[in-house]
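>>> below is the sequence, then the predicted model.
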Amino acid sequence: MQQYLQCGRYRLPLNTPESRPLVMGILNITPDSFSDGGRFHSLEFALSHAEQMIADGVDIIDIGGESSRPGSPALSLEDELDRVMPAIYALRDCGKPLSIDTYKPAVMREAIAAGADLINDINGFRAPGALEAVAESDCGLCVMHMQADPQTMQINPEYQDVVMQVIGFLKERVATLEQGGVARNRISIDPGFGFGKTLAHNVALLQSIGAIQDTLDLPLLAGMSRKSMLGELTGKPVERRLAGSLAAALAAVAQGAKIVRVHDVAETVDALKVWQAARR
């Protein structure tokens with residue numbers, strides 16, 4: 001396993017004795033986010049939230065302008081750029097790597113030019129032009145598995161073997177990126193919890209994080225924070241899923257996940273500090 005993840009201006013440690021799993025904080029600049037009800041839709045509130053995440057110990061700030069909740073409509077290129085670019089410009093000198101959550105190659109190019117350090121693509125860089133948009137940069141890439149698309153992904157998703165099919169998809173996408181000139185130390189993987197999966201599929205993937213990461217020999221990002229799988233397991237509405245989110249994050253890092261993508265940065269950082277102390 002590589003010792004660091006190259007993310008644009010930053011090299012993020014992954015496997016040193018001092019390094020804990022990285023916390024990616026979610027900054028949704030959307031009016032229809034499932035998790036925060038669009039509370040950070042305005043730039044002023046989004047920047048204030050980013051400042052709080054930095055104070056809380058975040059390692060990466062993940063900026064998203066288009067909701068990917070099940071059934072969400074697609075957003076135009078112009079609207080997405082209008083939402084995310086001001087935040088990237090405002091935060092690019094904040095001292096933390098900036099990630100942009102997008103599947104649109106044009107947004108990738110604009111974000112990289114503006115100072116984004118990581119591209120987090122729910123579509124696995126499958127869109128025409130996505131590989132070309134990122135290949136010549138030194139930004140990090142997160143390759144995620146998704147069955148179908150946000151509009152249809154939760155309509156009866158089916159797999160013969162969800163773990164092996166997710167591994168196969170990620171393996172193919174990583175190979176394609178490497179063949180396109182992307183250095184391996186820039187790549188991380190995400191099994192895509194909740195993206196075209198039932199609860200049983202999500203639990204099977206959670207139980208197999210170690211196997212997925214070991215098979216692909218790449219750092220794995222786990223993103224389960226506040227998702228519906230936690231609601232199904234706990235019976236709690238989205239605003240009461242903190243405990244479940246922390247448990248999911250700890251279950252993921254206990255199996256070797258290197259990055260957790262979360263809404264609740266302060267609480268996750270504290271939980272990981274305790275977890276790391278116990279491991280020592």
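Ah, there it is. Numbers count the residues shown, from 1 in each chain.
>>> in the stretch 151-280 of the chain, where is pLDDT below threshold?
151 (pLDDT under 70).
>>> what ranges do the strands span in it?
For the stretch 151-280 of the chain, the strands defined by DSSP state E, counting those that start in this stretch occupy 187-190, 221-222, 259-262.
>>> deepest-packed of these, please.
Of all the strands of the stretch 151-280 of the chain, strand 221-222 carries the top mean neighbour count, a mean of 28, counting by mean count of other CB atoms under 10 Å. To be clear about C-beta, it is placed using only N, CA and C from the backbone, and glycine gets the same treatment.
>>> that one: partners in the sheet, and parallel or antiparallel?
If you go by DSSP bridges, strand 221-222 pairs up with strand 259-262 (parallel).
>>> how far off centre is the partner strand?
A distance of 7 Å separates the centroid of the chain from that of strand 259-262, by CA atoms, centre = their mean, to the nearest Å.
>>> just the C-alpha atoms of it, please, in CSV.
The C-alpha coordinates for strand 259-262 follow below in CSV (Å, rounded to 0.1, in the frame of the first residue of the first chain):
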residue,chain,number,x,y,z
ILE,A,259,-10.4,8.1,4.3
VAL,A,260,-13.9,8.7,5.8
ARG,A,261,-16.2,11.2,4.2
VAL,A,262,-18.4,12.8,6.8
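>>> so what's residue 244 closest to, chain neighbours aside?
Closest residue in space to residue 244, ignoring its immediate chain neighbours: residue 230 at 3.8 Å, by CB to CB, 6 or more residues apart in numbering.
>>> select the longest strand from this protein.
Secondary structure of the chain per DSSP state E: the longest strand is strand 22-28.
>>> contact partners of that strand?
Residues outside strand 22-28 that contact it (CB atoms under 8 Å, 6 or more residues apart in numbering): 5, 12, 14, 35-36, 38, 40, 46, 49-50, 53, 56-64, 67, 87, 99, 221, 223, 225, 258-263, 265, 268-269, 272.
>>> and it, C-alpha only, in CSV?
Extracted C-alpha coordinates of strand 22-28, given in CSV (Å, rounded to 0.1, in the frame of the first residue of the first chain):
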residue,chain,number,x,y,z
LEU,A,22,-8.1,11.1,6.9
VAL,A,23,-11.4,12.9,7.5
MET,A,24,-13.0,14.4,4.4
GLY,A,25,-15.6,17.0,5.4
ILE,A,26,-18.7,17.4,3.2
LEU,A,27,-19.5,21.0,2.0
ASN,A,28,-22.7,20.8,0.1
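>>> centre of the chain to it, how far?
8 Å.
>>> quick one on the thing from earlier: next up, the contacts around the residue nearest to residue 244.
By CB under 8 Å, 6+ apart, residue 230 lies in contact with 224, 236, 241, 244, 245, 248.
>>> looking at the strands of the stretch 151-280 of the chain, which is nearest to residue 163?
Checking the strands of the stretch 151-280 of the chain against residue 163 by CB to CB gives strand 187-190 as the closest, at 13.0 Å.
>>> chain center to that closest one: distance?
Distance of strand 187-190 from the chain centroid (CA atoms, centre = their mean) equals 9 Å.
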